[in-house]
Structure formats: C-alpha cells, structure tokens
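Novice: Here is the input, now give the coordinates:
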Amino acid sequence: MLIKKYKIIIVLLLISGLYFVSSGILKNESVVTVGVAEFAMIIDGPPINFSFDIGQSLYEILLDAQNDKKLKFSGKNYPALGFFVTDIESLHSGDDKNLIYYINGQEANVGVSAYFPQNGDVVEWKLK
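Specialist: Modelled structure (predicted):
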C-alpha cells in the first residue's frame, strides 16, 4: 500500500512538472517588459529613430516601416538562419559586396528576423 502511494505521488509530480515546463513556468526565460522603445538606424545617411514594441524583431519593425512607406527593403529568407536583407533604401548587395547590419558597432550574427532590438540600440547598414 505504501509503495502504491509513492508511485501515485511520483506520477503526479511528473505530470505537474511536465505542465510547468510546457507552460514556460520552469523554463529559463528572461522577463519580457511590455512597452514601447526606440532605436536608431543608419542607412547611408544620418540616423533615423524608430519606435517599436518591445519583443518585435527587426524584420517586423522593417515591415511596419515599409508598410507605412518610411523605407523600402527586400531580401531572402533562409529557413535555418532567418531573413537576410539584400537591399535597403540606397544600399544594394552585388558586385561582390553583401549588405551587413551592425548592432551597436558589432557585426550581427543572425538574420533580421532573429534579432530583437533593445531600447537605445544603434543599427547600422553597410556594404562589405
């Protein structure tokens, strides 16, 4: 009888643990702040300030700006890596040069769909 109670307790603990993991309660996730933030983007000229909802990817911000006719861009999606911009405003990939973006002076290592700007970031586009 005692062994049966322990088995029931263990099963209940396993089920509740699976629930907490699947719901994100036990995952190692950072706390997401809700609100609006700003970052600056440099595209072959002076910085342009963009407001965005915290948690938006750079790709989503670019899409919003394009839909609002604030800028034009195009690119290609790579399933394992994300969306990479090939053209933005006056900058165009080609002639053995690629369009690369930098975050606070550091070359980005992910596509724009996998980068989530932080308040105060500076995103700069360069042909390299």
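Novice: C-alpha only now, for contacts and for neighbours.
Specialist: Fine.
Novice: Buried ones in the helix or strand where Leu63 lies, by neighbour count?
Specialist: Using DSSP states H and E, Leu63 sits within helix 58-67. Buried residues in helix 58-67, counted by 16 or more other C-alpha atoms under 10 Å: 58-63, 65.
Novice: would you list every one of the strands in this structure?
Specialist: 36-43, 48-53, 73-78, 82-88, 91-92, 99-103, 106-107, 122-127 (DSSP state E).
Novice: and Ser113, which of the ones you listed is closest to it?
Specialist: Shortest distance between Ser113 and the strands of the chain, using C-alpha to C-alpha, is found for strand 82-88: 5.4 Å.
Novice: got TSV for the buried residues of helix 58-67, with distance to Gly120 and pLDDT too?
Specialist: TSV is the format used below for the buried residues of helix 58-67 (distance: C-alpha to C-alpha, whole Å; pLDDT from 0 to 100):
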residue	distance to Gly120	pLDDT
Leu58	14	97
Tyr59	17	97
Glu60	18	97
Ile61	15	97
Leu62	17	97
Leu63	20	97
Ala65	18	95
